[in-house]
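>>> how would this look folded up:
(2 chains)
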Amino acid sequence: MQVQVSCYATLSPFSPQGGLVDLDPGSTPADLIRHLEIPMDEVKIIFVNGKSADPSTRLNDQDRVGIFPAVGGG
Amino acid sequence: MHPGGFVRELARHSHALDRYPFPCIQDVHLLELARKYSIQPWQAQVNALENQICPERYIRNYKTMSLDMQLDLARSRVLVVGAGGLGGYVIELLVRSGAGQLTVADGDEFELSNLNRQILGTRDLTGKPKVEAARKRAMDINPFTRVETCGTYLQPDDLPGLLPETDLVLDCLGGVEFRQELLQAAGLHHRPLVTGFVAGNTGLASTVFPGDQSPAAFWQADRDQGAEIALGNVAYTVSMIATIQVREAIHILTGQDPCLRNRVFLADMHTCSFQSLEL
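Alright, predicted model coming up:
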C-alpha cells in the first residue's frame, strides 16, 4: 500500500521524494517513522487524514500522514 | 460624572455619515468628553457604543462587525502573554480593531535579532522593554484601548491574580516553556485561550476552551528543543499565525463561533498550503 507523507519544521528533510511511501499492509505510523529513519523521540504528534492519531494506528492505502516535532516559537 | 449630560454631549458632538445607519464621533471629541467628565477613554468608548454612536475610527469595521460586536470588543479584557513576534502583531490588530482593555506581559527587551519579524521592535528600542513598546504603540494607534503592562516573565503564581480579570488569553509565548502551565491555569479559571506557535515555514494556531482537546503535545520538549531553535522564525509565518489568533479572539469576544476548538490550524508557508487538523 502507499501513503502520502508530510514532515514539518525540523523533520521536513525526512519527507520522502514525491511525498509517497510504499509500506506493507497493516503498517502503522510508528512503522512509517522507522522506515523514514526519523528519531522517534523527535516526533511529538501525528495526524492521519487530518486527524490526530496514535503511532500504533493501522494505516490504510492512500492515507495522508503528517508528522511534527516540538514547535513553540513565537 | 453626570451620565445624562455626557450622553447629551455625545449626541451633540456626533455626526451622520453617508451610508451608515448610526452617528459617528471623532476621537478628538470623545477624548475631550472623557476628560470633561473624568472617565477613562476606554470607558467613554463603551458609553458611546452603548448609545449607538460609533467612534469614526471603526467605521470600516462595519458591516463585518456590527455596532453591538464593536461594543462587545470595547468591553473586552484580554491578556496577551508575550510581546515578541506573535504578541506584537496580535496587539497591533486588537488595538486597531477596538479591543477595550489589554494586559500585556513580557519580561524581555528588544535585541537586533528580533527586528526581522517583531513589529514592535525598532532600531531605537534595542535594549528597551517590549511591554513599553507595546504600551506606546497602542497609545499611538488608539487612545481608547487601555493597556496595562507586566514587565516580567509571568510565573504560575501570577496567573490567579490576572486570569479572573480577563475574558480571554492570547498565548504568544516564544518557546515551548510555560505554555502548558498557562493553558492549565486558563482552564482552571474557565477562560478560553488562543495559542500560536511557529518555527520557520511551519505555523500553528489553536483555540482551547476548558475541557477541549489541546495542542499541548506540540510542546512536550525541553526549552532548547523546539524546532524554532534550529529553524528560527520569519515575519511572514509569525504574522500569519498572529492574524489567525486575532480572528479567533475577536470572534469569541463578540459572541461568534471560533473555528479552531479541538482543532489546530496549520500554515505550511513552504508550500503555501493551509489546513485545519482535528486534535
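>>> quick one: which helix or strand includes A:Val21?
Assigned by DSSP states H and E, A:Val21 falls within strand A:20-22.
>>> by proximity to chain A, which residue of the stretch 1-150 of chain B wins?
Here the stretch 1-150 of chain B gets closest to chain A at one residue, B:Leu86, 4.2 Å apart by C-beta to the nearest C-beta. Quick note: C-beta positions are derived from backbone N, CA and C, even for glycine.
>>> quick check: buried residues in the longest helix belonging to chain B?
Scanning chain B for the longest helix, with DSSP state H as the assignment, gives helix B:235-253. For helix B:235-253, the buried set under the neighbour-count rule, 16 or more other C-beta atoms under 10 Å in any protein chain shown, comprises B:237-253.
>>> can I get it in PDB? Just the C-alpha atoms.
This file holds the C-alpha atoms of helix B:235-253, laid out as PDB (Å, rounded to 0.1, in the frame of the first residue of the first chain):
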ATOM      1  CA  ALA B 235       8.000  37.500   9.600                       C
ATOM      2  CA  TYR B 236       5.500  36.000   7.100                       C
ATOM      3  CA  THR B 237       4.800  32.900   9.200                       C
ATOM      4  CA  VAL B 238       4.700  34.800  12.500                       C
ATOM      5  CA  SER B 239       2.300  37.500  11.200                       C
ATOM      6  CA  MET B 240       0.100  34.900   9.500                       C
ATOM      7  CA  ILE B 241      -0.400  33.000  12.700                       C
ATOM      8  CA  ALA B 242      -0.900  36.100  14.800                       C
ATOM      9  CA  THR B 243      -3.700  37.100  12.300                       C
ATOM     10  CA  ILE B 244      -5.400  33.700  12.800                       C
ATOM     11  CA  GLN B 245      -5.200  34.100  16.600                       C
ATOM     12  CA  VAL B 246      -6.800  37.500  16.400                       C
ATOM     13  CA  ARG B 247      -9.500  36.200  14.100                       C
ATOM     14  CA  GLU B 248     -10.400  33.600  16.800                       C
ATOM     15  CA  ALA B 249     -10.100  36.100  19.700                       C
ATOM     16  CA  ILE B 250     -12.400  38.700  18.100                       C
ATOM     17  CA  HIS B 251     -15.000  36.100  17.100                       C
ATOM     18  CA  ILE B 252     -15.000  34.700  20.700                       C
ATOM     19  CA  LEU B 253     -15.200  38.200  22.300                       C
END
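>>> for it, which helices and strands make contact with it?
For helix B:235-253, the elements it packs on are helix B:67-75, helix B:85-97, strand B:168-171, strand B:193-199, strand B:202-208, strand B:263-268, judged by 3 or more C-beta pairs under 8 Å, 6 or more residues apart in numbering or on different chains; DSSP states H and E.
>>> could you pull up phi and psi at the residue of chain A found nearest chain B?
In chain A, the residue found nearest to chain B is A:Gly73; the distance is 2.7 Å by C-beta to the nearest C-beta. With angles defined as degrees, to the nearest 10, A:Gly73 sits at phi -70, psi 160.
>>> show me which residues of chain A sit near chain B.
By C-beta under 8 Å from any C-beta of the partner chain, the residues of chain A that approach chain B are A:6, A:8-12, A:44-45, A:47, A:50-52, A:66, A:68-74.
>>> of these, buried ones?
Buried subset of the residues of chain A next to chain B (neighbour count, 16+ other C-beta under 10 Å): A:6, A:8-12, A:44-45, A:47, A:52, A:66, A:68-74.
>>> my read: B:Ser97 touches B:Ile250, true?
Yes: B:Ser97 sits in contact with B:Ile250 when judged by C-beta atoms under 8 Å, with a separation of 6.0 Å.
>>> re the thing from before, quickly note the distance from the residue of the stretch 1-150 of chain B closest to chain A to A:Gly74.
Distance, B:Leu86 to A:Gly74, using C-beta to C-beta, to the nearest Å: 4 Å.
>>> anything in contact with each of these two?
Residues touching both B:Leu86 and A:Gly74 (C-beta atoms under 8 Å, 6 or more residues apart in numbering or on different chains) are B:172, B:174, B:196, B:198, B:238.
>>> could I get the residues you listed as CSV with distance to B:Phe209?
Converted to CSV, the shared contacts of B:Leu86 and A:Gly74 look like this (distance: C-beta to C-beta, whole Å):
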residue, distance to B:Phe209
B:Cys172, 18
B:Gly174, 24
B:Gly196, 16
B:Val198, 22
B:Val238, 25
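>>> next, the contact list for residue 62, please.
Using chain A. A:1-4.
>>> correction: the question concerned chain B.
B:20, B:54, B:70.
>>> let me know the outermost residue of chain A.
A:Gly74 (24.6 Å; C-alpha atoms, centre = their mean).
>>> was I right about that residue contacting B:Ala83?
No: with contact defined as C-beta under 8 Å, A:Gly74 does not reach B:Ala83; the gap is 10.1 Å.
>>> now for those two: what residues contact both?
Common contacts of A:Gly74 and B:Ala83, defined by C-beta under 8 Å, 6+ apart, comprise B:Cys172.
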